[in-house]
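**Student:** Build me a model:
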Amino acid sequence: MTNPAPLPPDAHIIRSDAEALDVAQALAARFAPGASARDRDRLLPWDELDSFSASGLWGITVPRAFGGAGVSMVTLAQVTAIIAAADGSLSQIPQNHFYALEVVRSGAREAQKRFFFQKALQGLRFGNALAEISHRDFKRRTRLVRTPGGQVLHGQKFYCTGAIYAHWIPTLAVDDAEVQQLVFIPRRAPGVSITDDWDGFGQRVTGSGSVSFDQVAVQPEWVVPFQTSFERPTPIGPVAQLIHAAIDLGLGQGAFAATLPFIRDRARPWLDARVATAAEDPLTLAGLGDVSVRLTAAEALLQRAGEAVDAAIADPTEGSVAEASVAVAEAKVLTTKAGLLAASKLFEFTGTSATFAPDNLDRHWRNVRTHTLHDPVRWKYHAVGNFALNGVNPPRHGAI
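**Tutor:** Next comes the predicted model:
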């Protein structure tokens, strides 16, 4: 269950935004048929992930100067949504991989960039060990300690999406100077222990379990600045949140796509509609139209947000990063609302027969409800309102 990921053969190198989208569409078509069984039986998607990383999609944000396609954030969001519509768990697993690559791009030394970007292009997967549980103050207890024999890492993490499947685990730790660093730890390093104890009702095969580090030896080149990258304007936060919003959009689109054939083939019209099929029911049609409009609007805001993040990457200033954060927050609000609406209306429009266990249609609602709990939307409204009314820029961290 916690089988260490073998080193993959070198991945395909994607060269353009258009190629990335084509590859994502092809993979989504392969992933979709098995998504329900993987969710229902909690089958960890080892083979699918190997295909996913070998496709080259995990390297598409590597800058062109380092051999990658350097795709736009608009494209990254589209790729993420395409995969999410097919399988929500598979789309979430690389979220922190791309987050880590952005931390590297924004703050790492040149040698570190060459090293970690090359790993991504080869198809290696970066997981994450960022969050900690049972602490309300958000202070990190995981420590990077300097000893006579070198630096060692010690601590425990939870919500470690993708760590089970990873080749490297970017880990947030506090050093002796109380400064947060992102420490890249090899999955097979002595002292690393991963437990597949994620038991949330949704996103069931994301591998979002626990990781513990017991005096893990750390090479200096594995330590990438983290806190200092937020002390100046960088687009790290907007990049992270854009991917989350794209996952939510894709989950909603997947729920909507599952609704349509059920209505056409299996649902019954309400008797007062006086029509022959559910597909002719006027209130069902109106409701479907509402969901479609909201998903389309969310998709448009997501593209707009991606463009704002691209602008911030090209010229990271106080203003451009703040505008990107606000644009992404607006998109996150709408992708959350639209995704939840689509997943809920799936059952309202189709009726009780849609709840039958063999169809496992409830996975759509479980997945979007679980994933939309990342970074509360109520604070997105606050950030947008404070910026619009008072001209206050959003805080700079990974959750806005």
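
**Student:** For W58, give me its contacts.
**Tutor:** A11, F52, P94, H97, A120, G123, R125 (C-beta atoms under 8 Å, 6 or more residues apart in numbering). (Each C-beta comes from the backbone N, C-alpha and C, glycine too.)

**Student:** And the pLDDT at the residue nearest the centre of the chain?
**Tutor:** Closest residue to the average C-alpha location of the chain: Q95 at 3.2 Å, with C-alpha atoms, centre = their mean. Q95 carries a pLDDT value of 98.

**Student:** Would you quantify the distance from it to V79?
**Tutor:** 12 Å (C-beta to C-beta, to the nearest Å).

**Student:** And the residue of the chain positioned farthest from its centre, how far from F262?
**Tutor:** Computed with C-alpha atoms, centre = their mean, the residue of the chain farthest from its C-alpha average is R274, at 44.4 Å. From R274 across to F262, the span is 21 Å (C-beta to C-beta).

**Student:** What of P235?
**Tutor:** P235 is 40 Å from F262, where distance means C-beta to C-beta.

**Student:** circling back to that earlier point, of the contacts of W58, closest to L249?
**Tutor:** Proximity of these to L249 (C-beta to C-beta) peaks at P94, which lies at 15.9 Å.

**Student:** Quick check, that closest one in contact with G162.
**Tutor:** Yes - with contact defined as C-beta atoms under 8 Å, P94 reaches G162; the gap is 6.9 Å.

**Student:** Now the common contact residues for those two.
**Tutor:** The contact sets of P94 and G162 overlap at R125 (C-beta under 8 Å, 6+ apart).

**Student:** Between those two, which has more neighbouring residues?
**Tutor:** For P94 versus G162, neighbours defined as other C-beta atoms under 10 Å are more numerous around P94 (27 against 23).

**Student:** Spatially nearest residue to the more buried one (excluding sequence neighbours)?
**Tutor:** W58 (5.7 Å; C-beta to C-beta, 6 or more residues apart in numbering).

**Student:** P170 - that's part of a strand, no?
**Tutor:** Yes - assessed by DSSP: H, G, I helix; E, B strand; the rest coil, P170 belongs to a strand.

**Student:** Look at it and say how many residues are nearby.
**Tutor:** 27.

**Student:** hey, what's it bridged with?
**Tutor:** F184 (DSSP bridges).

**Student:** I164 versus that one, what's the distance?
**Tutor:** Relative to I164, P170 is positioned 14 Å away (C-beta to C-beta).

**Student:** about what we covered before: between the contacts of W58, which is closest to T350?
**Tutor:** For these, the nearest to T350 is F52 (30.6 Å; C-beta to C-beta).
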